[in-house]
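Trainee: Structure for the following, please:
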Amino acid sequence: MTFLKTEIEGVILVEPRVFRDERGFFTESHHAERYRQGGISATFVQDNHSCSSRGILRGLHSQRLHPQGKLVRCIEGEIWDVAVDIRVGSPTFKRWVGAHLSADNFRQIYVPPGFAHGFCVLSDRAQVEYKCTDFYDQKDEIGVAWDDPELNIQWPITNPVLSEKDRQAPTLEAIEHLLPTYHPPIPPGPNGDR
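Mentor: Next comes the predicted model:
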């Protein structure tokens, strides 16, 4: 199992080991201790599963007071997944990371709390599963326009199919007063404690 750091601190790509033989394959999709050693120490409380057709774009979504970390994987088809740092005061505020996730490459991406998340479907159909560190709260949800010019996300599709909610999502600048605040990590003390 390989954990790949990205250009944004906390966003981690996971490449699980896949054991293949004439029967098919076997892989661990999550192992708390191994993931902790790889930099993902989150406790997950909710699992979600979506199915979408080619050209659908879901996002960008986040929660204001109860931000969710997400461990995302694609179990059928292929998606392009995006994590956007929307933490005011962060050194990577308004920066994004994108990654191809597919049923063939088994990759996962960890999107930390305080990020907006979205993905678009590149195959005829895609099923996506993701683990969350906090519960979904409709009243706490905030959305950001997928095509916000200030973010300039390089989506691999044009004219995506959007939900009404995503079609009406505001720019990041319009909701900056609602965004979570960045809290720098606390360095360990002399004995390794925090």
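Trainee: ok, now how distant is the nearest residue to Val18 once chain neighbours are set aside from Ile75?
Mentor: Computed as Cβ to Cβ, 6 or more residues apart in numbering, the closest residue to Val18 that is not its neighbour in sequence is Thr27, at 4.6 Å. (C-beta placed from N, C-alpha, C; glycine too.) Distance of Thr27 to Ile75, computed by Cβ to Cβ, to the nearest Å: 11 Å.
Trainee: who has more neighbours, the two?
Mentor: Between Thr27 and Ile75, counted using other Cβ atoms under 10 Å, Ile75 has the larger neighbour count: 15 against 12.
Trainee: Which element, helix or strand, includes that one?
Mentor: Element membership for Ile75 (DSSP states H and E) is strand 70-76.
Trainee: before we move on, back to that, next one: the residue nearest to Val18 relative to Ile175, how far apart?
Mentor: 38 Å.
Trainee: Distance of the residue lying closest to Gly89 once chain neighbours are set aside relative to Ile86?
Mentor: Leaving aside its chain neighbours, Gly89 sits nearest to Tyr182 (4.0 Å; criterion: Cβ to Cβ, 6+ apart). Distance from Tyr182 to Ile86, counting by Cβ to Cβ: 10 Å.
Trainee: quick one, helices of the chain?
Mentor: 32-37, 164-167 (DSSP state H).
Trainee: will you turn these into JSON lines that also has distance to Asp47, mean pLDDT and mean neighbour count?
Mentor: Converted to JSON lines, these look like this (distance: least, Cβ to Cβ, whole Å; pLDDT from 0 to 100; neighbours: other Cβ atoms under 10 Å):
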{"stretch": "helix 32-37", "distance to Asp47": "14", "mean pLDDT": "95", "mean neighbour count": "13"}
{"stretch": "helix 164-167", "distance to Asp47": "22", "mean pLDDT": "98", "mean neighbour count": "12"}
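Trainee: can you pull up the bridge partners for the most centrally placed residue in the chain?
Mentor: In the chain, the C-alpha closest to the average C-alpha coordinate belongs to Val111, at a distance of 3.7 Å (Cα atoms, centre = their mean). Beta-bridge partners recorded for Val111 (DSSP bridges): Lys70.
Trainee: about what we covered before: distance of the residue nearest to Val18 relative to Thr92?
Mentor: Taken as Cβ to Cβ, the span from Thr27 to Thr92 is 30 Å.
Trainee: pLDDT below threshold where in the protein?
Mentor: Within the chain, the segments meeting pLDDT under 70 span 188-194.
Trainee: how much space is there between Val128 and Leu172?
Mentor: For Val128 relative to Leu172 (Cβ to Cβ), the value is 23 Å.
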